[in-house]
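Q: model this:
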Amino acid sequence: MLEFNGISIPYYFLIPCLVAFLLNIFILLKVKFVRDGKRQWSWISIVVMLGMYSLILAIVIYNHVTFNLQLEKFDLNQDGFFTPDEITPQQQEAMKKVVNDTARTFSMFTGLIFSAVIAFLVFILGKAFDFITNKV
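A: Residues are numbered from 1 along each chain as shown. Now for the predicted structure:
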C-alpha cells in the first residue's frame, strides 16, 4: 500500500487507475484518429472507456482518502486506536464510512463494466451518426 501522512492507498485501486490513465494518454498521443476511417469510433470508444474507468477509480481513491482523514480526526492521541473518550456518534459514523466499503472494493469491476457499457453506447451512436450522415 502506498502511504501518505498515515493514509494508505491500496494498490488494487492505484495500479488500475494509473494504467488506464497512462494508456489513455498513450493512445491520445500516438494514435492518429483518421477523419473518415473505419476505426475512428473504435478508438474514440476505447478512449472514452479508459477515461471513464480512470475517473471512476480516481473518485474511489479520493473517497477512500477523505473517509480515512475524517476518521483520523477522532484519534486524539494519534495511537491508531480509539479509547472510550474518543468514541462519539460522529466517530462511529466516520468509522462506518471507512469500514463499510463493499462498493469501493468492487468498484474496479463495476467501474470497468460501467465504462465498457458507456463506450459501447458511444461506439453504436457514432456508427449510427456516420450511417445517417453518409446516407443523406
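Q: Now do the spatially most central residue of the chain against Thr83, distance only.
A: Centroid check for the chain by Cα atoms, centre = their mean gives Leu57 as the closest residue, at 1.4 Å. As judged by Cβ to Cβ, to the nearest Å, Leu57 and Thr83 stand 35 Å apart. C-beta coordinates here come from the backbone N, C-alpha and C atoms, glycine included.
Q: Leu121 now?
A: From Leu121 across to Thr83, the span is 52 Å (Cβ to Cβ).
Q: pLDDT below threshold where in the protein?
A: Counting by pLDDT under 70, the chain contains low-confidence ranges at 1-6, 33-36, 136.
Q: and the gap between the residue nearest to the centre of the chain and Ser42?
A: 23 Å.
Q: Also Leu125?
A: For Leu125, the distance to Ser42 - Cβ to Cβ - is 13 Å.
Q: just Ile56 next, same as before
A: Ile56 sits 21 Å away from Ser42, going by Cβ to Cβ.
Q: How are the strands of the protein distributed by residue range?
A: Under the criterion DSSP state E, the chain contains strands at 2-4, 7-9.
Q: What residues of the last one count as buried?
A: Meaning strand 7-9. Buried residues in strand 7-9, counted by 16 or more other Cβ atoms under 10 Å: 7, 9.
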